[in-house]
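In: Sharing a model that was predicted from the sequence below.
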Amino acid sequence: FSEELVIIDSAAVGQQPTDLVSNGTFCRFPVIGPDGALYYVSDESGLDNLYRLNWRDGQFDRKPQQLTNLLTGFRSPAVSGSGRVFGAGFASTGWELVEADIQAPVTPGLKIAAPLAPASSEHSSEGPVGEASVATDYTIWPSILPRNWNPYFGFGGGVYQFGAVARGNDALDLNRYDLLLGYTTQAFRPDWSVNYSNRNLGPTVSIGVSDIAAGLSGSTSLRSSAISASATFPFQFLFSTLQPYVSFSASQINFLTSNPSLSTALYVPYLDAGIFYSYGRSSSLAVTTEHGRDIELASRTAVYSGVPYWKFFASETEHFRVGGKHTVLSPSLKALWAPNAPLVNPVGARVGGESFALSALGLNFLNLGGGSSIGQLTVRGYPGIAVYTQLATLGSLDFRFPLIPIFRGLAPGTFPYFMHQLRGKFFVESAILPFGESGVWALPSAGAGLGLDSVLLLGISLQASAQFSYGFRPDYGGGPQISLNLGTDVL
């Protein structure tokens, strides 16, 4: 493969381009200097460096001149009116703005030269002359400190949820963790969870413990206390990922009331196995995946009161770009089937209201596909409900779009606060439970949301979102639901 430089006569419609540089290398970033010369970047020397085609007698020279010989690479050149060339050069701290020294062309045929010693800086470590440096083993400290803070708040059906999630990973991304602490009113005790993942063995191995509100039924709070372990390994392709996973959980479902003597608990161990496929195309200004699909298939084997039960989950979400730029329509269909579960049974097909605690926790090994999983189908606009059946389906249609392209700060420049674009969405969805106690249950809902990506102070990424949902069946716990989410990357 290669990328050639060509010249196109804009006044000659239909004329074929004329080759300028076609030597089997990658030639990119062409710019014209004030003297008419063409500057570009090529990997002819083995690394990306700056080259020039001089302009003489009304045409470009056919023999390029190599102007830099950087061992770390050069890209995105820009030429000033005085002929100075600036661009991006790679250094130990990443890509930096540099000025190219083009006083004399590099000696023809020279490929790689020894670099000059770097200038001393505050990052340099100097010791006595002749002292050998000591190599140290890799340590996760201090890069493992939390680098993402995500507070959340939600209200619906007279129930409030609030709390925060902290996430972190080491410099090599071999160790990851997330910590959640929150509270759900009418749930009688705090929500919390701890999850840890390790990639040193090849597959991602994860363990977790949690105690989170799982739903409300009258004056009874359903809580799920679990210890879990999982393993997953992604097979990555050019634009897609195929990710099988397996997990085991020892879960205790607690039915809590204001009277402790009336509270009960059920112990349910289960084994999950599934596969998740994701294919997606996006862009730098996208508000979501703009083209592609997400598919998940999973099964669960659970033991309840000494009897084995099975449950199956299927999900597919498509993404289509429609209308204007970056406007995306995402239809989705999900289904849960528990063929041998009684109608009222914690191992059955469960439909539940959105838990802000689980939403803030985000993707994890038990919920690769988003809000719904083998655990439950999550329907927006029905906060706190928990309904069990043998078969449940959920269809939704989300319409996401950029609302206002802001791309400016409160003051000139990006400090102290710079806003990207305000994005919006509308959605409609409905859960169908064909084997409910009173025939076919339909739990329809609709809503809208706003989101804003921004940068605070010196590069702190800040994401804020708000969503309003309304469930149209108040007899089954539907009603208005408001959720607010704030995410901050501190490192």
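Out: Structure received.

In: going forward, measure contacts and count neighbours with C-alpha atoms only.
Out: OK.

In: lowest-confidence helix or strand of this structure?
Out: Lowest mean confidence among the helices and strands of the chain (mean pLDDT, DSSP states H and E): helix 356-361, at a mean of 48.

In: how about the strands in the stretch 351-491 of the chain?
Out: All strands of the stretch 351-491 of the chain, identified by DSSP state E, counting those that start in this stretch, fall at 377-379, 386-389, 391-409, 417-436, 439-456, 460-471, 480-489.

In: Given the longest one, what are its sheet partners and their directions?
Out: Using DSSP bridges, the strands paired with strand 417-436 are strand 391-409 (antiparallel), strand 439-456 (antiparallel).

In: Least reliable of these by average pLDDT, please.
Out: Mean pLDDT across the strands paired with strand 417-436 is lowest at strand 439-456; the value there is a mean of 88.

In: what's in contact with that strand?
Out: Outside strand 439-456, the residues within contact range by CA atoms under 8 Å, 6 or more residues apart in numbering are 379-381, 414-435, 461-473, 476, 478.

In: cool, and stretch 173-193?
Out: 144, 159-170, 194-200, 208-213, 216, 219, 221-223, 256-258, 357, 361.

In: Look up phi and psi at the nearest residue to residue 339 once chain neighbours are set aside.
Out: Setting aside the residues directly before and after it, residue 339 is nearest to residue 390 in space (CA to CA, 6 or more residues apart in numbering), at 6.0 Å. Here is the backbone geometry of residue 390 (degrees, to the nearest 10): phi -90, psi -30.

In: Against residue 378, how distant is residue 390?
Out: From residue 390 across to residue 378, the span is 16 Å (CA to CA, to the nearest Å).

In: helix/strand/coil for residue 243?
Out: Secondary structure state of residue 243, per DSSP: H, G, I helix; E, B strand; the rest coil, is strand.

In: try residue 12
Out: coil.

In: Can you report how many residues lie near it?
Out: When counting by other CA atoms under 10 Å, one arrives at 8 neighbours for residue 12.

In: residues in contact with it?
Out: Contacts for residue 12 (CA under 8 Å, 6+ apart) come out as none.

In: What are the phi and psi values at it?
Out: Backbone torsions for residue 12, taken as degrees, to the nearest 10, come to phi -100, psi 90.

In: Read off the pLDDT value for it.
Out: At residue 12, pLDDT is 73.

In: bridging residues for residue 168?
Out: For residue 168, the beta-bridge partners are residue 177 (DSSP bridges).

In: Near it, how many other residues are there?
Out: 21.

In: Same check on residue 239?
Out: So residue 239, with other CA under 10 Å, has 10 neighbours.

In: How about the contacts made by it?
Out: 279-281.

In: quick one: which of those residues is nearest residue 228?
Out: Taking CA to CA as the measure, residue 228 lies nearest residue 279 of the contacts of residue 239, at 28.1 Å.

In: ok, now how distant is the closest one from residue 287?
Out: Distance from residue 279 to residue 287, by CA to CA: 16 Å.

In: These two: who's more crowded?
Out: Neighbour tally, residue 279 and residue 287, criterion other CA under 10 Å: the higher count belongs to residue 287, 23 against 18.

In: Am I right that that one is in contact with residue 402?
Out: Yes - contact criterion CA atoms under 8 Å: residue 287 and residue 402 qualify, at 6.5 Å.

In: Next, show the common contact partners of the two.
Out: 326, 423.

In: Report the contact partners of the closest residue to residue 25 other than its chain neighbours.
Out: Distances taken as CA to CA, 6+ apart put residue 2 closest to residue 25, at 5.0 Å, once the chain neighbours are dropped. Residues near residue 2 by CA under 8 Å, 6+ apart: 24-27.

In: Give me the distance between residue 2 and residue 158.
Out: Computed as CA to CA, the residue 2 to residue 158 distance reads 62 Å.

In: what's the answer for residue 285, then?
Out: 38 Å.

In: got it, and residue 413?
Out: In terms of CA to CA, residue 413 sits 43 Å off from residue 158.

In: try residue 27
Out: Taking CA to CA as the measure, residue 27 and residue 158 are separated by 62 Å.

In: One more: residue 485?
Out: Distance, residue 485 to residue 158, by CA to CA: 19 Å.

In: Just want to know which of the two has more residues nearby.
Out: residue 485 (20 against 12).

In: what's across from that one in the sheet?
Out: Applying DSSP bridges to residue 485 yields these beta-bridge partners: residue 152, residue 465.

In: My guess is it contacts residue 161. True?
Out: No - assessed by CA under 8 Å, residue 485 is found out of contact with residue 161, at 11.5 Å.

In: Need the overlap of contacts for those two.
Out: Common neighbours of residue 485 and residue 161 (CA under 8 Å, 6+ apart) are 152-153.

In: tell me the residue furthest from the middle of the chain?
Out: Within the chain, residue 57 marks the point farthest from the mean C-alpha position, 53.4 Å out by CA atoms, centre = their mean.

In: Just the pLDDT for that residue.
Out: So, for residue 57, pLDDT stands at 83.

In: What backbone torsions are found at it?
Out: In terms of degrees, to the nearest 10, the main-chain angles of residue 57 are phi 50, psi 40.

In: Distance check, it against residue 36.
Out: 11 Å.

In: what number of residues lie near residue 278?
Out: Using other CA under 10 Å, residue 278 is surrounded by 18 other residues.

In: just residue 264 next, same as before
Out: Using other CA under 10 Å, residue 264 has 12 other residues around it.

In: Give me the buried positions along stretch 70-78.
Out: If you call a residue buried by 16 or more other CA atoms under 10 Å, then stretch 70-78 has these buried ones: 70-71, 73-78.

In: Closest one to residue 395 out of these, please.
Out: Closest to residue 395, out of all of the buried residues of stretch 70-78 and judged by CA to CA, is residue 76, at 46.0 Å.

In: and the closest residue to residue 72 other than its chain neighbours, how many neighbours does it have?
Out: Spatial nearest neighbour of residue 72, excluding adjacent residues (CA to CA, 6+ apart): residue 90 at 5.4 Å. Number of residues near residue 90 (other CA under 10 Å) recorded here: 16.

In: Looking at strand pairing, list the partners for residue 90.
Out: residue 95.

In: That one: what's it in contact with?
Out: Listed by CA under 8 Å, 6+ apart, the contact set of residue 90 reads 72-74, 96.

In: Perfect, that will be all.
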